[in-house]
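**Student:** quick one: sequence and predicted model below, then my questions.
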Amino acid sequence: MREQQVRHDVTVVGGGLAGVCAAIAAARLGRSVALINNRPVLGGNSSSEIRVWVVGATAHGRNHHARETGIMGELFVENQYRNPEGNPYYWDAVVLDAVRAEPNISLYLNTDVREVAAAGPPDARRVESVTGWTMGSELLTTFTGPVFLDCTGDGLVGFLAGAQFRLGREARSEYDEPWAPDVADEITLGSTLLFHSKDAGEPVRFVPPDFTKDITATTIPSRRVIRASDNGCAYWWIEFGGELDTVHDNEAIRDELWAVVYGIWDHIKNSGSFPDVENLTLEWVGSVPGKREYRRFVGDYVLTQHDVLGQVEFDDRVAFGGWSIDLHPPGGMYAQEEGAKQRYADGIYHIPYRILYSKNVTNLLLAGRNVSASHVAFGTTRVQATTAVMGEAAGTAAALAVAADVPPRAVDVGELQRTLLRNDAAVVGLPLADPADLAGSAEVTASGASSSLAVEDGSSAWPLDADAGLVLPVDPSLPVLELLVDAAADTSLTVELHDPGPGQNYVPRTLVSTTTVPVQAGSKQWVRFDLSWAPSSPRNAFLLVKAAAGVSLYVADRPAPGVLSFTRRPLRPQDERPQPLREWTNRELLRRTFCFRAGSTAAFAPDRAVDGYLRPFAGPHTWVSSGLPAWLRLTWDAPVTIGRVELIGDDDVDEDLINLHRHRTPFPVPPPLVRDYVVEALVGGAWVSVAAVTENRRRRRVHELAAPVTCTALRVVVTATNGAPDAHVVALRAYAP
């Protein structure tokens, strides 16, 4: 047997998306990183071995301007370009390429960590090393270093190190959570196996293996949706093991899941209840159960249901989530209840740094489904894009801890937040205040800016059979709203103006005013509502147009920057109330806009590209030009020397991208993203090109200049986007050498 010992600044155990993003984040900050994974592919539950689609804060499009940025955002956008069909093997390659692009990462695949050396008293333990066995290579490796990250999901490293953890459900009395049970127990969410089918082009018979379960002898056919056309995560409800131990009983859980998967396929192929299935065959059946829950470690804070639904603005926030609190019945696929019980906040919620490190193991950071959260709060933090952004935050903190030679608890939170924002990580409502950015002392001008809030070119009528909604940026005021309307007879129309509250929210919360106006019979008439809302700071406005018989609005088949359109759908009888995120949907209005006129706006002014906000928050925080070509310029009173220029473009974080097969997004690159541009410096009265890009498909571009340039102005000249009619720039930064 061969043995070796290696040392890295940061050791990450677990190669799911949390571990991948943690490793990349630490490596980009100059740390040497070991990324250890016990499987042959990266990606964890999202990999081709398990094939769970990656969901996160968008909540399948219910939340808006909520798609993750940072490293997870890079993976989403790159996968959309390479793999719009959702091939799971192509997704594996996207993730692997992202890791291999970082020279500071040493990747150890097929390496199972099963030994941890730790020392110290119970309240101040310290990991000294972890040891892993590499299958196939017959190699035993001991990893040492100052900081370790447990991204294993099941939390084996922290457990072996003596980290405090919880397993199962807390009693309601512990955190006063309405969704917690009266009595604590060890019930968890179960595990799932998925399958894919395909049309073979000719009849294919199915002879069920001996272990196949007769699902007609269970409640599955009557309590769960089975469709021959469904594949993969459409069968997320094939879940079992919540009343067992999802680790110690893993093999038995897998066998039961296999029996049911083949039983479902036998039911589809041989029961006679499904037409046109003669040519269908099984293409793939999972063999590794996709686990949802096991240990949750205890940090300096425990996230609870109240924090999620209350959208608490933690001072140490370093990431965000937005998936519903999504809890499943203990019986899984055999339960009489629905397969999931879900509760949404009014928008995305904040994740504090204090849940990303162990309370009692001083050099152990956490990311993934094992972070410090109650069972109820875990119901939302567990999804993969959310674990990924927590991974980026934890990896960044690990790098800073090593650089400062301090334990993770002592990392300067302000520096952590600034570093995350500099790298465009998924933090909301927190502007970057970067003293090193020379753009902060510059005058910002542009060739022009979109200054009119209006969409007038609608061609299709939208009957007001249900309430409609229109979200507009208010900057600095909203004096008037005009709607393009058809009316079959003389009537009236009512508009309610609501303040959505927190800047990340896009549903009505606080009623500001109600305006009712008469509408005469006629077609394509502009109906005016005087609103006169001038809030003390930029806001979103939710304009609720009440349903009206015989009245139609008009819809333009294009998006408009900073604008969202909705229709209202009733909640189901079993849904908790109020839950406006369930009521207000844009699924039928995706990339479409109600026709309106609302006067002028400063929401897209040039200085929005230097205000420190990197995503929409109470407004779009993006410069939008008035046509192409267009330029955005920084001018200084005295010459400055620049060695690096950074540009963050608009990759439309309202677009719900996904890695696999749930839905198809129609474009390979987000249309608002700048495609072709030149960076120029004003030197001696002449513009000199210092960087140029064509065919760009990345949101964040960093230009290290070949030679520093001393200039009095810097500008980016955009000549083409990936489809939008105007240039969109979220941030333009300039740094000294």
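**Tutor:** Arrived safely, thanks for sending. Residues are numbered from 1 along each chain as shown.

**Student:** use CA for all of it now, contacts and neighbours both
**Tutor:** Fine.

**Student:** what lies in contact with stretch 700-709?
**Tutor:** 424, 641-649, 681, 690-691, 736-737 (Cα atoms under 8 Å, 6 or more residues apart in numbering).

**Student:** which residues touch the closest residue in space to Cys233 that isn't next to it in sequence?
**Tutor:** Excluding the flanking residues, the one nearest Cys233 by Cα to Cα, 6 or more residues apart in numbering is Val52, at 6.1 Å. When the contact criterion is Cα under 8 Å, 6+ apart, the partners of Val52 are Asn45, Ser46, Gly232, Cys233, Gly290.

**Student:** where does the first one land in three-state SS?
**Tutor:** In three-state terms, and counting by DSSP: H, G, I helix; E, B strand; the rest coil, Asn45 is helix.

**Student:** pretty sure it sits against Gly16.
**Tutor:** Yes: taking Cα atoms under 8 Å as the definition, Asn45 is a contact partner of Gly16 at 6.9 Å.

**Student:** between the two, which has more neighbouring residues?
**Tutor:** Under the neighbour definition other Cα atoms under 10 Å, Asn45 and Gly16 were set side by side, and Gly16 has more, 28 against 23.

**Student:** how about the contacts made by the residue nearest to that one when sequence neighbours are not counted?
**Tutor:** Leaving aside its chain neighbours, Gly16 sits nearest to Gly44 (3.8 Å; criterion: Cα to Cα, 6+ apart). Counting by Cα under 8 Å, 6+ apart, Gly44 touches Gly15, Gly16, Leu17, Ile50.

**Student:** what's the PyMOL syntax to select whichever of the contacts of stretch 700-709 are buried?
**Tutor:** Per 16 or more other Cα atoms under 10 Å, the buried members of these correspond to this PyMOL selection:
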select buried, resi 424+642+643+644+645+646+647+648+649+681+690+691
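
**Student:** from the contacts of stretch 700-709, which ones fall inside strands?
**Tutor:** Under the assignment DSSP state E, the contacts of stretch 700-709 contribute Thr641, Ile642, Gly643, Arg644, Val645, Glu646, Leu647, Ile648, Gly649, Ala681, Val690, Ala691 to strands.

**Student:** among those, which one lies nearest to Thr419?
**Tutor:** Glu646 (14.2 Å; Cα to Cα).

**Student:** domain-wise, how is the chain divided?
**Tutor:** 2-169+297-322+348-422, 191-285, 438-449+604-735, 452-600 (automatic domain parsing).

**Student:** most packed of those?
**Tutor:** Of all the domains of the chain, domain 2-169+297-322+348-422 has the most neighbours on average by mean count of other Cα atoms under 10 Å, namely a mean of 23.

**Student:** in the protein, which spans are helices?
**Tutor:** For the chain, the helices defined by DSSP state H occupy 17-28, 70-82, 88-100, 156-161, 172-175, 220-223, 250-270, 305-309, 375-381, 384-404, 413-422, 580-583.

**Student:** can you tell me what sits against the fifth one?
**Tutor:** Contacts of helix 172-175 with the rest of the structure, by Cα under 8 Å, 6+ apart, involve Pro178, Trp179, Ala180, Pro181, Asp182, Val183, Ala184, Thr304.
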